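K.L.:
The sequence and its predicted three-dimensional model are supplied below.
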Amino acid sequence: LLLALALRPLPLPPALPPALRPQAILCLSGDPGFVRVHRASARALQWPSVPLILSGAGFGGDAAAYLAGAAASLGVPPEQILLENDATSTFENFTRSRPLLDALGARVVLIVSSRDHAHRAALAAAAALPGRELWFDVVSSSGEGPSFRARERAKIARYVALRWLPWGDLLSL
């Protein structure tokens, strides 16, 4: 029974309703194949006045600067791109992007993540960005499978243990 619970698919967070326009787009790091930034860039081009925030430290798909290069190569103008360069975890993607969202006055935020990461991202976003309307654009990923879902559940449990997420979020597992 426990194994079956651990391996079942995680629920997806709410998608942006077609009639709603976000006030900011937030693309999370951990995107080695640049799949998330491709979708975030398409959304940024769809709404040219909506800032695109790229978050993450590290290198490659984990670094905001690399993601910005990819977004620029896809046609997103540099003045539309904002960088958060210090986050080293999903939770920090949100806590460290919060000052940028505050400065923009962004209350409606579109978060771009991958299917294998979206559930944890939704929990972390809700804890780190209270008072905002949080919507998701979830892209497909090749990494999802039973072992990945088990690792995602372990990361969520770790976030609860670190008190980044409330204990009640364990019920979502």
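P.N.:
Everything's here; your move. Predicted, not measured: the structure shown is a model, and the values here were computed from it.
K.L.:
CA only for contacts and neighbour counts going forward, please
P.N.:
OK.
K.L.:
In three-state terms, label residue 127 for me.
P.N.:
Judged by DSSP: H, G, I helix; E, B strand; the rest coil, the three-state class of residue 127 is helix.
K.L.:
surely it meets residue 164?
P.N.:
Yes. If you go by Cα atoms under 8 Å, residue 127 and residue 164 touch, sitting 7.2 Å apart.
K.L.:
quick one: low-confidence ranges for the protein?
P.N.:
Scanning the chain for pLDDT under 70 picks out the ranges 1-11, 60-61, 141-150, 152, 165-173.
K.L.:
Tell me where it has helices.
P.N.:
2-7, 35-46, 64-73, 90-104, 118-128, 146-161 (DSSP state H).
K.L.:
Remind me what the fourth one packs against, helices and strands.
P.N.:
Just to be clear, that refers to helix 90-104. Judged by 3 or more Cα pairs under 8 Å, 6 or more residues apart in numbering; DSSP states H and E, helix 90-104 is in contact with strand 52-55, strand 81-84, helix 118-128.
K.L.:
now with 6 Å?
P.N.:
With contacts taken as 3 or more Cα pairs under 6 Å, 6 or more residues apart in numbering; DSSP states H and E, helix 90-104 sits against helix 118-128.
K.L.:
Would you check the distance separating the helix it packs on from the middle of the chain?
P.N.:
Relative to its chain's centre, helix 118-128 lies at 8 Å (Cα atoms, centre = their mean, to the nearest Å).
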